[in-house]
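Asker: no FASTA, just this:
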């Protein structure tokens, strides 16, 4: 079992930055691939970014490429999402997720564990 807790959400003006954190406990963190997803009101949950167990490989949704950066610190059992140049359309609840393997990493149905989410609101 893996327990995930997100933090770092909040209200920010367009063009600003936020860094989300996701602390993991339970199964060995360094054996897990990690992902970030988001869900805006009235919309389906969508993929944002993923990172391999070692941190050597990352992938991003086109909508955030060049603005967001996913990273991890296996010594701290934490994955991060640095969000820069935020836009109002980035407003959503952001979820951290974990999976055993790195395949299909943009498919939310393949993730085994989920956090409760943290709200990010970007004002115009």
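Answerer: It's in. Keep in mind the model is a prediction, meaning the values are calculated, not measured. Numbering: from 1, shown residues only.

Asker: is it fair to say residue 50 lies in a strand?
Answerer: Yes: under DSSP: H, G, I helix; E, B strand; the rest coil, residue 50 sits within a strand.

Asker: isn't it right next to residue 61, touching?
Answerer: No: judged on CB atoms under 8 Å, residue 50 makes no contact with residue 61 at a distance of 9.6 Å. C-beta: built from backbone N, CA, C; applies to glycine.

Asker: comparing those two, which residue is more hemmed in?
Answerer: Set residue 50 next to residue 61 and count neighbours by other CB atoms under 10 Å: residue 50 wins out with 25 against 16.

Asker: please state the offset of the host helix or strand of residue 71 from the chain centre?
Answerer: Using DSSP states H and E, residue 71 falls within strand 68-73. Between the centre of strand 68-73 and the centre of its chain there are 8 Å (CA atoms, centre = their mean, to the nearest Å).

Asker: name the helices or strands packed onto that strand?
Answerer: strand 33-39, strand 46-51, strand 58-60, strand 78-83 (3 or more CB pairs under 8 Å, 6 or more residues apart in numbering; DSSP states H and E).

Asker: the helix or strand where residue 24 lies packs against which elements?
Answerer: Using DSSP H and E, residue 24 maps to strand 18-26. Under the contact criterion of 3+ CB pairs under 8 Å, 6+ apart, strand 18-26 touches strand 2-7, strand 33-39, strand 78-83, strand 92-99, strand 118-123.
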